[in-house]
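Novice: Here is a sequence together with a model predicted from it:
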Amino acid sequence: MGDGSIVDGRTEVRKILVRVALLGFGTVATGLFLFRRGCLKTISSSGR
């Protein structure tokens, strides 16, 4: 029984880590995407 609880705890921790990693990756990706769009907009506007 003890081993089962340890395995369950590990799976729960893995689920939480995966969720945090996906959320962090998503926020970073969206941030870079918006940052690139902003840079392109400023470059195109200054070029005109």
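Specialist: All right, it came through fine.
Novice: Tell me where the model's unsure across the protein.
Specialist: 1-4, 47-48 (pLDDT under 70).
Novice: Helices of that one, start to end?
Specialist: Along the chain, the segments classed as helices by DSSP state H run 2-47.
Novice: I'd like the distance from the most centrally placed residue in the chain to Gly38, if you could.
Specialist: Nearest to the mean C-alpha position of the chain, counting by CA atoms, centre = their mean, stands Phe25 at 1.8 Å. Separation of Phe25 from Gly38 (CB to CB, to the nearest Å): 20 Å. In this view, the C-beta of every residue, glycine as well, is placed from N, C-alpha and C.
Novice: One more: Ile16?
Specialist: For Ile16, the distance to Gly38 equals 33 Å [CB to CB].
Novice: Equivalent analysis for Arg19, please.
Specialist: Counting by CB to CB, the separation of Arg19 from Gly38 is 28 Å.
Novice: Same question for Ser44.
Specialist: The gap separating Ser44 from Gly38 is 11 Å, by CB to CB.
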